[in-house]
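[1] Give me coordinates for this.
(chains A and B)
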Amino acid sequence: MPDQPVREALTETLAHQVLGRLADVEGPYFGEFGGRFVPEALIAALDELETAYRKALGDPAFTDELARLHREYTGRPSPLTEVPRFAEHCGGAEAGHRVFLKREDLNHTGSHKINNVLGQALLVKRMGKTRVIAETGAGQHGVATATAAALLDLECVVYMGEEDTQRQALNVARMRLLGAEVVPVTIGSRTLKDAINEALRDWVANVESTHYLLGTVTGPHPFPEMVREFHRIIGEEAREQILERTGRLPDAVAACVGGGSNALGIFNAFLDDEGVSLHGFEAGGEGIESGRHAARFSGGAPGVLHGARSYLLQDDDGQTLPSHSVSAGLDYPSVGPAHSWLHDLGRATYEPVTDDEAMEAFRLLCRTEGIIPAIESAHALAGALRLGREAAEAGRTGQVILVNLSGRGDKDVATAARWFGLLDEDQTDATPEGDQ
Amino acid sequence: MSTTTDTSPAAMSTTGARLDALRAEGRAALVGYLPAGFPDVERSIEAVLAAVDAGADVVEIGVPYTDPVMDGPVIQRAAEAALAAGTRVRDVLRVVEAVAEHSGGRVPALVMTYWNPVLRYGVDAFARDLAAAGGAGLITPDLIPDEGGDWIAASQEHGLDRVFLVAPSSTPERLALTARASRGFVYAASTMGVTGTRDQVGDRAEQLVADTRAAGADHVCVGLGVSSGAQAAEVGRFADGVIVGSALVRPLLADRPWADRLDALRATVADLADGVRRARGGPGAGT
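    Next comes the predicted model:
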């Protein structure tokens, strides 16, 4: 039988998780997910980071500076755009649904990534470190990190799978223009997962001078909680904006889920609003049955990768399985532990969206609203179409659906052009290999 | 989670007993790492037995894993090849069994593994099967005691050693926590970094060993960066064991006939074994 104080502490923790606000749950664990499955060599740095981050969030000097950057540099608050022509396709015009996009695509650097990057980069300055490293898949997080490093005068090294450096050559050039060193990773599957491995190896060796500026709500504690805190502004703004515009909360919130930072950022503000249903859309790739997907909740099981316990694509031996998606940003075999927790709690649902469905939604938003979304975000749009259709079929009309448009599609133009056969043959040849 | 160490005779650590015996001989142990399944399971058994015959006192059998974040390029390449050759987690137990049989239980065989393969196998099931194969315990580079409640319970249950790591960045509190949770020895990372050969073993290693002992560890072995007999002699002066990995794997990666690669491995092990034998006699002898 545990000691009395231990039991009290345990009860308190459980009570907090059960009765406290879901939006404020602190790491290292989200239910049975999360933790710190990393080499001991990193523990001191993670402790230092946790201390610095908690102190910073309570320090107006930090929060004011971050708020100023959001306002003057990133361009926050990002607008909320109603998309009526797109909404007509959500269960048909007669369903009368209203769809609103949270425009994270309009942020500086073109996605939500900048929210987290600026927060962490300011922390790096406070910790007195001079060098940041980052992983990137499609290049969005790498570009955002290179941007913040230029702004705050930090040395920056970005690890990127060799495959990805070839299919995202323009983003490699962008990072180099911003002064970052881009290191192609040539081991393993040569994609995002291997870039993270290489960044972790660098961090272990250089942890005294270096901060690992992790780009999503994965990794060892405190990253999942800290990155959520830096992105919670998405949901907080959106909640206020939609109340102002519609006079009520949305019926459903949709977001794409790779690591899950944009989804957690927008979900967080609604976690404790019982009437709001939350929907994460994963990369279904070529379909779950094809085995070529990144649908951790449909095709994975709990396991440990990159420092956290969460749902994971793995084989019977616990070896990580390769993921697949038309969108590099969703092409990751694990997912943030908070999403695994919300999934098991039943607070959010997670469904796969195939490459075909995502590209169809991509095309639809371009044609109906004049907005070219990132292919990642197109998964959320496809999810909204599905939600609208399902609501209409169930006889629910006039639903308000909020979609996080997490990024813009400039980076995806070559992929989309090839997908839809928009290029002449000689132009196709001149295009870099697809970012699939 | 319990970090209490059972000190009853029945729970005597296999590896700890071996290190004590060598300490009585006035020398440190040579702890050799080789990955299971490289280049295939049968030849990996040949390699491990060759290392034992050439003078490895304790062996670490690596479980090849897709995401080895604590390993440098040499061990990564071997792990990748082992997986490509179809090596399964259960094959590791065959290698362990071969060492136990070959050495008549004299050479403790530890398994070095990242955590997810064990989680997937089932922590208790893996402990049970490892004990049945004659294995001594586990070295867990990405499992800290804080997350190791299930493993600590299973290793107690099956009488297995659990080797956790400490690093130059570990605080005194964490050294104490890790020393208390470990059984067999504590693995001291000589330097901040991943596996791989280095010209110099970190100068923080000696201090880290001293600090880890002061924090309560009975045995401390040093790994990361040791590749030569001279380095083994230097580390063997102050540590209970000298852990060598990449330097043993490298000759096996060479583009030469297998028999020649085995000869090169034997020569490397012999040089290192010689190193640990001439380590003491200078300052630190008899610790």
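[2] Give me the longest strand you can find in the chain.
    Let's take chain A. In terms of residue count, the longest strand belonging to chain A (DSSP state E) is strand A:277-285.
[3] The intended chain is chain B.
    If you go by DSSP E, chain B has its longest strand at strand B:29-35.
[4] State the distance from the closest residue to residue A:417 other than its chain neighbours to chain B.
    Nearest residue to residue A:417 in three dimensions, chain neighbours excluded: residue A:423, at 5.0 Å (Cβ to Cβ, 6 or more residues apart in numbering or on different chains). Yep, even glycine has a C-beta here, placed from its N, CA and C like the rest. When distance is defined by Cβ to the nearest Cβ, to the nearest Å, residue A:423 is 36 Å away from chain B.
[5] Spell out the secondary structure type for residue A:423.
    Classification of residue A:423 using DSSP: H, G, I helix; E, B strand; the rest coil returns coil.
[6] swap in residue B:264?
    helix.
[7] Which residue is it, in the stretch 51-200 of chain B, that comes closest to chain A?
    Relative to chain A, the nearest point of the stretch 51-200 of chain B is residue B:120 (3.1 Å; Cβ to the nearest Cβ).
[8] What's the local residue count around that residue?
    Residue B:120 has 21 neighbouring residues, counting by other Cβ atoms under 10 Å in any protein chain shown.
[9] can you pull the contacts of it?
    By Cβ atoms under 8 Å, 6 or more residues apart in numbering or on different chains, the residues touching residue B:120 are A:303, A:314, A:316, A:317, A:318, B:89.
[10] okay, the third one: pLDDT?
    It stands for residue A:316. On the pLDDT scale, residue A:316 is placed at 97.
[11] Can you give me the distance of the residue lying closest to it once chain neighbours are set aside to residue B:126?
    Using Cβ to Cβ, 6+ apart and skipping residues adjacent in sequence, the residue nearest residue A:316 is residue B:120, 7.0 Å away. The gap separating residue B:120 from residue B:126 is 9 Å, by Cβ to Cβ, to the nearest Å.
[12] can you list the weak-confidence ranges in the stretch 151-287 of chain B?
    The model of the stretch 151-287 of chain B has pLDDT under 70 over residues B:281-287.
[13] If we use 80, what do you get?
    By pLDDT under 80, the weakly predicted segments of the stretch 151-287 of chain B are B:197-202, B:281-287.
[14] Quick one: name the residues of the stretch 151-300 of chain A near chain B.
    For the stretch 151-300 of chain A, the contact set with chain B under Cβ under 8 Å from any Cβ of the partner chain comprises A:187, A:188, A:193, A:194, A:197, A:200, A:201, A:204, A:205, A:206, A:207, A:208.
[15] list the contacts for residue 249?
    Using chain A. A:239, A:242, A:243, A:270, A:273, A:275, A:276, A:400.
[16] meant chain B actually
    Neighbouring residues of residue B:249 by Cβ under 8 Å, 6+ apart: B:33, B:34, B:35, B:38, B:74, B:75, B:78.
[17] Which strand or helix spans it?
    Using DSSP states H and E, residue B:249 sits within helix B:246-253.
[18] now residue A:404
    Residue A:404 belongs to strand A:400-405 when assigned by DSSP H and E.
[19] Packing partners of that strand?
    strand A:98-103, helix A:223-246, strand A:252-256, helix A:261-267, helix A:375-393 (3 or more Cβ pairs under 8 Å, 6 or more residues apart in numbering or on different chains; DSSP states H and E).
[20] mean confidence score for the shortest one?
    The average pLDDT for strand A:252-256 rounds to 98.
[21] Kindly report the same for the longest one.
    The average pLDDT within helix A:223-246 is 98.
[22] what's near enough to touch the residue in the stretch 251-400 of chain A that chain B sits nearest to?
    Residue nearest to chain B within the stretch 251-400 of chain A: residue A:318 (3.1 Å; Cβ to the nearest Cβ). The neighbours of residue A:318, taking Cβ under 8 Å, 6+ apart as the test, are A:303, B:65, B:89, B:116, B:117, B:118, B:119, B:120, B:121.
[23] Which one (most neighbours) among those residues?
    Busiest of the contacts of residue A:318 [other Cβ under 10 Å] is residue B:65, holding 27 neighbours.
[24] May I have the residues that are in contact with the nearest residue to residue A:317 once chain neighbours are set aside?
    Counting by Cβ to Cβ, 6+ apart, the nearest residue to residue A:317 once its immediate chain neighbours are dropped is residue B:89, at 4.6 Å. Residue B:89 is in contact with A:317, A:318, B:63, B:117, B:120, B:121, counting by Cβ under 8 Å, 6+ apart.
[25] just to revisit the earlier point, turn the helices and strands packed on strand A:400-405 into JSON lines, columns for mean neighbour count.
    As requested, those are exported to JSON lines (neighbours: other Cβ atoms under 10 Å in any protein chain shown):
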{"stretch": "strand A:98-103", "mean neighbour count": "25"}
{"stretch": "helix A:223-246", "mean neighbour count": "22"}
{"stretch": "strand A:252-256", "mean neighbour count": "30"}
{"stretch": "helix A:261-267", "mean neighbour count": "31"}
{"stretch": "helix A:375-393", "mean neighbour count": "26"}
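[26] if I look at the residue in the stretch 101-250 of chain A that chain B sits nearest to, how far off is residue A:157?
    At 4.0 Å from chain B, residue A:205 is the closest residue in the stretch 101-250 of chain A, using Cβ to the nearest Cβ. From residue A:205 across to residue A:157, the span is 12 Å (Cβ to Cβ).
[27] Looking at these two, which is more packed in?
    residue A:157 (22 against 16).
[28] helix or strand for the more buried one, which one?
    Here residue A:157 is assigned to strand A:155-161, by DSSP H and E.
[29] Show me what that strand is packed against.
    strand A:131-136, helix A:140-152, strand A:181-185, helix A:192-206.
[30] Parallel or antiparallel, list what pairs with it.
    Looking at strand A:155-161 with DSSP bridges, its partner strands are strand A:131-136 (parallel), strand A:181-185 (parallel).
[31] Rebuild the ones you listed as CSV, extending it with mean pLDDT.
    Shown next, in CSV, are the strands paired with strand A:155-161 (pLDDT from 0 to 100):
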stretch, mean pLDDT
strand A:131-136, 97
strand A:181-185, 97
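[32] Quick one: closest of those strands to residue B:85.
    For residue B:85, the closest of the strands paired with strand A:155-161 is strand A:181-185, at 22.6 Å, according to Cβ to Cβ.
[33] For stretch A:405-414, what is the distance to the chain centroid?
    14 Å (Cα atoms, centre = their mean, to the nearest Å).
[34] Now it: buried residues?
    A:405, A:406, A:407, A:408, A:409, A:411, A:412, A:414 (16 or more other Cβ atoms under 10 Å in any protein chain shown).
[35] is the fourth one in a bridge, and if so with what?
    Here residue A:408 shows beta-bridge partners residue A:373, assigned using DSSP bridges.
[36] contacting residues for it?
    Counted by Cβ under 8 Å, 6+ apart, residue A:408 has contacts A:105, A:106, A:110, A:111, A:372, A:373, A:374.
[37] thought residue B:266 was touching residue B:52?
    No: if you go by Cβ atoms under 8 Å, residue B:266 and residue B:52 don't touch, sitting 10.4 Å apart.
[38] Those two: who's more crowded?
    In this view residue B:266 and residue B:52 are compared by other Cβ under 10 Å, and residue B:52 has more residues nearby, 21 against 17.
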